[in-house]
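Visitor: need coordinates for the following:
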Amino acid sequence: MDKPVVAIVGAHNSGKTTFIEKVVNILSSEGYNVCYIKHDPKGKAKTDTEGKDSYKVYQAGSKQVIVASPDKVSSFVRMRDYTLFDIIKNFTTQDIDIIIVEGFKTVKGIDKFEVIRKEENRQLMISKEGGLVGVITDYYQYNLTFDINNPQEFVIYLKNNYIKR
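Guide: Modelled structure (predicted):
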């Protein structure tokens, strides 16, 4: 391993997080980039929730917080001036078949599908020039339209047009 690793261990509620929070605060205030990895063996952690360990250590200045549970790994990274493509390049795993992004409506270079419902009573936010490919809706007419109440229809479209197997 090319990076030094130390473990702070102890019983539940022994003060591990409070101690780590302070250590991270000091190191980060001195310009060090700290990655905090929290093991969650029972999968009960709520990440990015005020008062939780991951939140506290991130607020203390940790560059990265990772929470490792039996069936998922959550990561929070302190970054500035990043693009959607930086996120995709640096944080997605190699075995991903498709990336579905929520938001980033102004990013150029990705296909967009806008959700619009009748009760919103508005026009589309994205144009074809802005990357709009289709609309997911319960009323709106567009060249390519998907029924908001039938997500399987959109899944089939994705499999036929985006996912390569």
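
Visitor: what is the helix ranked longest in the chain packed up against?
Guide: Using DSSP state H, we find that the single longest helix of the chain is helix 16-29. Judged by 3 or more CB pairs under 8 Å, 6 or more residues apart in numbering; DSSP states H and E, the packing partners of helix 16-29 are helix 53-59. Yep, even glycine has a C-beta here, placed from its N, CA and C like the rest.

Visitor: show me what counts as buried in the longest helix of the chain.
Guide: Residues of helix 16-29 classed as buried: 16-17, 20-21, 23-25, 27-28 (neighbour count, 16 or more other CB atoms under 10 Å).

Visitor: stretch 78-94: how far from the chain's middle?
Guide: Centroid separation between stretch 78-94 and its chain, computed with CA atoms, centre = their mean, to the nearest Å, is 10 Å.

Visitor: and that stretch, end to end?
Guide: Stretch 78-94 has an end-to-end distance of 22 Å (criterion: CA to CA, to the nearest Å).

Visitor: ok, which stretches of the protein are helices?
Guide: Ranges of helices within the chain are 16-29, 53-59, 84-91, 151-161, based on DSSP H.

Visitor: now what about the longest one, what contacts it?
Guide: Contacting residues not belonging to helix 16-29 are listed as 8-10, 34, 36, 53, 56-57, 59-63 [CB atoms under 8 Å, 6 or more residues apart in numbering].

Visitor: any low-confidence regions in the protein?
Guide: Residues of the chain meeting the criterion pLDDT under 70: 1-2, 165.

Visitor: now do the contacts for Thr106.
Guide: Thr106 makes contact with Gly130, according to CB under 8 Å, 6+ apart.

Visitor: could you measure from it over to Leu84?
Guide: 10 Å (CB to CB, to the nearest Å).

Visitor: is it true that Thr49 touches Tyr55?
Guide: Yes. The criterion here is CB atoms under 8 Å, and Thr49 meets it with Tyr55 at 5.8 Å.
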